[in-house]
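**Q** Pasting the sequence and the predicted coordinates here, then a few questions.
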Amino acid sequence: MEAIITGKNIVKTFGKGGEQTKALAGMDVEIGKDEFVAVMGPSGSGKSTLLFALSGMDGITSGSVQFDGATLSELGENKLADTRRTKMGFIFQQPTMLKNLNLLDNIILPAARDKKKMGELVKKAKNRMEKTGIAGLEARDTTEVSGGQLQRAGICRALMNEPEILFADEPTGALNSKSAEGILELLAEINRGGTAILLVTHDAKVAARADRVLFTKDGAIVSDLPLGKPDGGDAEARGEKVLAKMAAVGI
């Protein structure tokens with residue numbers, strides 16, 4: 001499988017002198033261009049730090065991260081920012097929206113920097129909103145929608161520049177079960193469309209939606225569980241595999 005991201009011997013250290021802590025202790029990881037990969041681990045295991053390192057949102061102490069053949073550390077600050085904006089999408093547990101803008105304007109904002117015609121951006125954003133089930137909420141303020149609707153708006157925004165990969169950090173953590181299920185179905189559809197996904201989660205049911213699950217502990221990847229693409233009828237068996245592996249590695 002052709003890789004979109006390759007990390008080699010990634011080390012990330014926080015602190016100075018004798019107070020240093022290794023959040024990432026020499027991780028090797030590869031994400032395929034059409035893969036859906038989940039990362040699981042206890043708090044402090046390095047899973048979110050890994051996501052930030054692979055996306056270039058945070059620098060690493062040593063090692064290398066390549067995205068589409070380019071080494072992130074060798075890109076200038078402007079080029080790295082442009083790469084994240086045009087080729088990567090980001091979804092967080094609590095989407096960061098500007099309160100003085102309505103949902104539509106928040107969704108359009110990242111793409112507006114390309115100086116494209118506003119009419120085209122509005123059409124594209126409304127199309128994304130329709131596909132994610134929040135059509136009709138364009139003029140709503142961020143305080144006038146539910147958590148699930150706000151998360152869907154965040155996904156719309158992440159897709160505006162048609163990224164090659166989506167990075168998702170606990171995207172369903174603050175949602176009820178019905179909203180979470182809708183988000184997971186949407187992510188699966190996005191992945192089937194050819195967008196790679198790297199998702200951090202603590203929930204075995206969420207991880208079971210992925211093609212592969214990486215388990216982290218003490219800054220290292222301690223297990224790599226291949227699940228394959230879901231077939232629609234194997235959800236329970238996949239969840240049991242994830243739970244069994246969690247127990248085996250002590251997570």
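**A** Structure received.
**Q** Gly133: what's it in contact with?
**A** Arg152, Gly182 (C-beta atoms under 8 Å, 6 or more residues apart in numbering). The C-beta positions use only the backbone N, C-alpha and C, and glycine is treated the same way.
**Q** That one and Asn191, how far apart?
**A** Counting by C-beta to C-beta, to the nearest Å, the gap from Gly133 to Asn191 is 18 Å.
**Q** Next, the buried residues of stretch 181-198.
**A** 181-184, 186-188, 190-191, 195-198 (16 or more other C-beta atoms under 10 Å).
**Q** secondary structure class for the closest residue to Arg113 other than its chain neighbours?
**A** Of all residues not flanking Arg113 in the chain, Arg85 sits nearest, at 7.2 Å (C-beta to C-beta, 6 or more residues apart in numbering). Under DSSP: H, G, I helix; E, B strand; the rest coil, Arg85 falls in the helix class.
**Q** Val206 now?
**A** Classified using three-state DSSP, Val206 is helix.
**Q** List the residues that contact it.
**A** Ala38, Thr172, Ala180, Leu184, Leu199 are the contacts of Val206 under C-beta under 8 Å, 6+ apart.
**Q** hang on, isn't the third one packed against Thr172?
**A** In other words, Ala180. Yes. Judged on C-beta atoms under 8 Å, Ala180 makes contact with Thr172 at a distance of 3.8 Å.
**Q** Show only the entries of the contacts of Val206 found in helices.
**A** Ala180, Leu184 (DSSP state H).
**Q** want to try TSV for the contacts of Val206, with distance to Leu75 and pLDDT as columns?
**A** Listed next are the contacts of Val206 as TSV, based on distance: C-beta to C-beta, whole Å; pLDDT from 0 to 100:
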residue	distance to Leu75	pLDDT
Ala38	27	97
Thr172	31	85
Ala180	35	85
Leu184	32	88
Leu199	24	96
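**Q** Tell me which two in the contacts of Val206 are the farthest apart.
**A** Ala38 and Ala180 (14.0 Å; C-beta to C-beta).
**Q** Looking at the two, which is more packed in?
**A** Comparing Ala38 with Ala180 by neighbour count (other C-beta atoms under 10 Å), the higher total belongs to Ala38, at 26 against 20.
**Q** Count the residues that sit near Arg140.
**A** The burial count for Arg140: 16, using other C-beta under 10 Å.
**Q** related to what we said a few turns ago, check the residue nearest to Arg113 and give its pLDDT.
**A** Note for Arg85: predicted pLDDT of 88.
**Q** where's it relative to Leu159, distance?
**A** 13 Å.
**Q** now swap in Gly233 and tell me
**A** 28 Å.
**Q** Between these two, tell me which one has more neighbours.
**A** Leu159 (25 against 7).
**Q** Who are the contact partners of the more buried one?
**A** Leu159 neighbours (C-beta under 8 Å, 6+ apart): Gly89, Arg128, Leu166, Ile190.
**Q** Relative to Leu75, how far out is it?
**A** 23 Å.
**Q** what does Met97 give?
**A** Distance from Met97 to Leu75, counting by C-beta to C-beta: 28 Å.
**Q** Which residue of the two possesses the greater neighbour count?
**A** Legend: neighbour count by other C-beta under 10 Å for Met97 and Leu75, higher for Met97 (21 against 16).
**Q** Hmm, that one is touching Ala153, no?
**A** Yes. Under the criterion of C-beta under 8 Å, Met97 makes contact with Ala153 at 7.2 Å.
**Q** Now the common contact residues for these two.
**A** Common neighbours of Met97 and Ala153 (C-beta under 8 Å, 6+ apart) are Leu103, Asn106, Thr142.
**Q** Tell me the gap between the host helix or strand of the second one and the middle of its chain.
**A** Element membership for Asn106, per DSSP states H and E: helix 103-112. Helix 103-112 has its C-alpha centroid displaced from the chain centroid by 19 Å (C-alpha atoms, centre = their mean, to the nearest Å).
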